[in-house]
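In: Everything below, folded, please.
(2 chains)
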Amino acid sequence: MAKHHVVTTVNGDPVEFLCESGETLLDVLRNQLNMTGTKEGCSTGDCGACSVTVDGRLVCSCLMLGVEAAGKKIGTIEGLASGDKLHPLQQKFLEHAALQCGVCTPGVLVAAKALLEKHPDPTETEVRYWLAGNLCRCTGYDKIIRAVMDAAKDMRSGRHAG
Amino acid sequence: MQDKVQSPMSSEFSVIGTRPIRPDGVDKVTGRARFGADLNLPGQLTGLVLRSPHAHARIKSIDTTAAAALAGVKAVVTRKDFIEQPDGTSAFGEGTLNLHDVISTVLAGDKVLFAGHPVAAVAATSREIAKQALKLIKVDYEVLPHVIDVDEAMAPGAPLLHAGMITQGVTPAPTTPSNIAKRIDIGLGDVDAGFKAADVIIERSFKTAAVHQGYIEPHACIATVSEDGQAELWVSTQGHWIVRMLCAKLLGWDINRIKVTAAEIGGGFGGKTVVYLEPLSLLLSQKARRPVKMVMSREEVMRASGPTSAASMTIKIGATKDGRITAGEALLKFQAGMAPGSPVGPGCMCAFAPYDIANIKVVGYDVVSNRPKVAAYRAPGAPISEYAVESVIDELAGKLGLDPIEFRLKNAAKQGTKAAYGPKFGPVGMVEALEAAKASAHWRSPLGKNQGRGIAAGFWFNIGGETTVSLVLNEDGTLGLTAGTPDIGGLRASLCMMASEELKVPLEKIRVQIGDTNQLGYNFLTGGSRSTFSSGMATVEAARDIKREAIKRAAKLWELPEEAVEWDAASGAVRPAGPNAGKHKPMTLVDIAKIAGKTGGPIVGYSRLNAHGAAPSFAAHIADVEVDPETGKVSVVRYTAIQDAGRAIHPSYVEGQYQGGVAQGIGWALNEEYIYGQDGQLQNAGFLDYRIPVASDLPMLDTIIIEVPNPAHPYGVRGVGETCIVPPLAAVSNAVSRATGIRFAELPMSPPKVLAALDAARANGAAKI
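Out: Predicted structure coming up:
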């Protein structure tokens, strides 16, 4: 079967690719666009390692087809930092040691960014429920939650331009 | 020379104990870090595995003709493509090794022994073609009766997995085969006399479910074998030297043919200490003459890689009225999966290790059944047996009317305690951990409605082992550090900190990497909580090697005997040892690097050692739970983990280990279990139905780091990664028991089980809620 020609935007850059009907956005990102920062943990939408944003909405890229990306604005972990400047969430994750193996980290960061864009002043419970779709087996979440809360605080006070 | 290299143990540390940002951090928050599945090579093929649909069946024939003939298929392998291996066991790492079992795990032989057992593998130009090829492989099975549960597998008349399995460790040897691979006996004193001296004896039986390590990154590797037989393997593993050795043995190759590079590893917890895909990808690549990439799906991870054992246990403990334990007895039956090798051995050794008990008897059984072969999981065996013992200890404290911490303190292991498994403990932190628990704000805080508080102790040995580290002094005085134990949770940060502390070189001047198998001598794997201990010890030795060399070079330049030059630990420079040696300006490593060429050439610190003196880590955990009387759902509402680290090099990553172990232990206690149907199929092979704790399931996890330094390590390190998963099972169970008034003896304490127990207790008026 002929492949589909898809034109889309990834992290602000125009991108086009050819994909099979059944190919997921995750496979397209990783295998065609060489953007391996987005991880595959389950391919069933249960672990959140493949989290991306589509027109600003948080999505498991393993549950979305590549063809569905046409005309959308896709955001991935590779788009979080701007130039040399890490996003405040990235900086806080480093300062709080909020990662161990780091394989869930890209998805957690993308999800946390989507949270703070929508809810800049979340409670601990809100952060926990927002991130409940992002599994981490190393940290017990404690330092992740603290890093997100701390980043939110800094972003609210405008200490980071991020 | 050695005596001039002083350990700064007694002085204040400047780097150790601080919390710098890890050197691999930026790569991991930007998506740049390359994990197992992140490497692609030109011309690569996709490798896939055909797996058994049956829990137990004889393979009558395998026909791969049609699959091999499919356009795009470049290679097919079955067990016939591998050399046969001797069926015998040898000690290895934290467990044992039997190469016949290793190859039988990678690919089934005459029989498939669990649903998901690999039968064949293919490599093709696309995933779609590889999938089609799997469908074209014809396997003729004769289905056999299967057995899943450990008690059923031990029962007379159970379906036999291995016709020739005669139980080891029993005299006289049994004359008929069974599923019991081995019996283990350990003991101390006289338990009969001990129980006679007891005023109170409690005996109770327990069951725990098999649980998976649950690393988020599935197993992944890519292999390329050239026409001259040189092979490269990129793999997510806890030990690339182990992978190299196992692959070389399974393939019958010389070790030097395989270079293994450890990718960034997305979690392991013991589960990435064995091989599954690696030998297949190498052989497929050799056949196809193209790189072959293989990545497991989550379902494959759950069905066919490591969980740890399910277990069935009986514990009996006796104590006097004043709270002195007089005897402990344990019967531990661990399910090993399709081949022997459950962690029942360490389970037996750890069972009573937190306590100073004169009379102990432990019997363990290693039992095969139609499940995937178990792999190591964080403190293998210890959480299971210590859960059962800590539950009975708690019940005893209640029966004696003693505070559960006081009862444990009265019997706690300390320096000089003889453990049932042999050694006398050196300085250990069990008493300190319990005292810290008693003094904590958590222990004294009030509880809410439907809540209960539990405490449990924990122990794990920790190990050392073979280790190599190199430390290169670059031309400008910066350093390049290469270690060989994969970094799962902050190792590189800790190693840089130790090198920085030793040499007084700023952290940002040290570049660290995990070397491949060609760059260093042998390294045992990251496991047994050994990496910060062993690679840390080797890093410090390599740094001292640099100091010794710096002294030599300065002596040469200053035309002094080496004895007249010394290392000044305060300034991190070499200087004349005294006024008689002349007025030479002290030289830092930057100065020494500049003169390296003319004083003898490049300067490289090197350490290769077998790290001895690993010391155990003890813990005490406090858990508060709330039980929903309507649904039986248990929520952990407050948690404090207290553990002896020896020395916390980077406290954030020590806390992180404690918190991660606690979360896994809570999952084990409340949610996680392998659920099999009557058909022998795993029914919950995915993260939706095998539910590991998510962020909204847990509270903040408080930690208290105790430091009772390990005298065998230059900075006192013990190793912290495993002990922390041991206490949560019992701490949570004891909390649930105290909240409900019902003693629970089976994990997981999932809502249906808790609700059923509540209903039963309510019927006879025994429930507290």
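
In: where are the low-confidence patches of the chain?
Out: Just so you know, I chose chain A. Counting by pLDDT under 70, chain A shows low-confidence ranges at A:1, A:159-162.

In: Chain B, not that one
Out: B:1-11, B:93-96.

In: Can you verify my assumption that residue B:393 contacts residue B:407?
Out: Yes. When contacts are counted by Cβ atoms under 8 Å, residue B:393 is listed as touching residue B:407 (7.1 Å). The way it works is simple: take the backbone N, C-alpha and C, and place the C-beta from them, glycine included.

In: and these two? which has more neighbours close in?
Out: Each of residue B:393 and residue B:407 has its neighbours counted (other Cβ atoms under 10 Å in any protein chain shown); residue B:393 has more, 29 against 23.

In: phi, psi of the more buried one?
Out: phi -60, psi -40 (degrees, to the nearest 10).

In: Need the residue closest to the centroid of chain A.
Out: The residue lying closest to the centre of chain A (Cα atoms, centre = their mean) is residue A:110, at 2.6 Å.

In: can you count the residues close to residue 106?
Out: Reading this off chain A. Around residue A:106 there are 30 residues (other Cβ under 10 Å).

In: meant chain B actually
Out: The number of residues packed around residue B:106, counting by other Cβ under 10 Å, is 24.

In: how about the helices in chain A?
Out: Using DSSP state H, the helices found in chain A span residues A:25-27, A:88-95, A:105-118, A:124-130, A:142-156.

In: I'd like the ones you listed written out as TSV, with distance to chain B added.
Out: Putting those into TSV (distance: least, Cβ to the nearest Cβ, whole Å) gives the following:
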stretch	distance to chain B
helix A:25-27	9
helix A:88-95	4
helix A:105-118	5
helix A:124-130	4
helix A:142-156	5
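
In: can you tell me if whichever helix in chain B runs longest touches chain A.
Out: The longest helix of chain B (DSSP H) is helix B:531-558. No. Against chain A, helix B:531-558 shows no contacts by Cβ under 8 Å from any Cβ of the partner chain, the least distance being 12.7 Å.

In: Tell me the first helix or strand C-terminal of that helix.
Out: Later in the chain than helix B:531-558, the nearest helix or strand by DSSP states H and E is strand B:565-568.

In: Show me what the helix or strand just after that next one packs onto, helices and strands only.
Out: With elements assigned by DSSP H and E, the helix or strand that comes after strand B:565-568 is strand B:573-576. Applying 3 or more Cβ pairs under 8 Å, 6 or more residues apart in numbering or on different chains; DSSP states H and E, we find strand B:573-576 packed against helix B:531-558, strand B:565-568, strand B:587-588, helix B:589-594.

In: May I have strand B:573-576 as PDB, with CA atoms only?
Out: Taking only C-alpha atoms (Å, rounded to 0.1, in the frame of the first residue of the first chain), the coordinates of strand B:573-576 have been written out as PDB:
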ATOM      1  CA  ALA B 573      49.400  19.700  45.100                       C
ATOM      2  CA  VAL B 574      52.800  18.000  45.400                       C
ATOM      3  CA  ARG B 575      55.400  19.800  47.400                       C
ATOM      4  CA  PRO B 576      58.800  19.200  49.000                       C
END
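
In: what lines up beside that strand in the sheet?
Out: With DSSP bridges as the test, strand B:573-576 is paired with strand B:565-568 (antiparallel), strand B:587-588 (antiparallel).

In: And the contacts of the last one?
Out: By Cβ atoms under 8 Å, 6 or more residues apart in numbering or on different chains, the surrounding residues in contact with strand B:587-588 are B:477, B:550, B:554, B:557, B:571, B:572, B:573, B:574, B:575, B:595.

In: The fifth one contacts residue B:505, correct?
Out: It refers to residue B:571. No. Judged on Cβ under 8 Å, residue B:571 makes no contact with residue B:505 at a distance of 11.7 Å.

In: picking up where we left off before, buried residues in the longest helix of chain B?
Out: Of the residues in helix B:531-558, B:531-555, B:557-558 count as buried by neighbour count, 16 or more other Cβ atoms under 10 Å in any protein chain shown.

In: Against which helices or strands is it packed?
Out: Using 3+ Cβ pairs under 8 Å, 6+ apart: helix B:531-558 touches strand B:465-473, strand B:479-483, helix B:491-503, strand B:565-568, strand B:573-576, strand B:587-588, helix B:589-594, strand B:603-611.

In: need those in CSV with distance to residue A:22 and mean neighbour count, can you?
Out: Formatted as CSV, those follow (distance: least, Cβ to Cβ, whole Å; neighbours: other Cβ atoms under 10 Å in any protein chain shown):
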stretch, distance to residue A:22, mean neighbour count
strand B:465-473, 47, 24
strand B:479-483, 43, 22
helix B:491-503, 40, 26
strand B:565-568, 64, 22
strand B:573-576, 65, 21
strand B:587-588, 61, 20
helix B:589-594, 57, 20
strand B:603-611, 51, 19
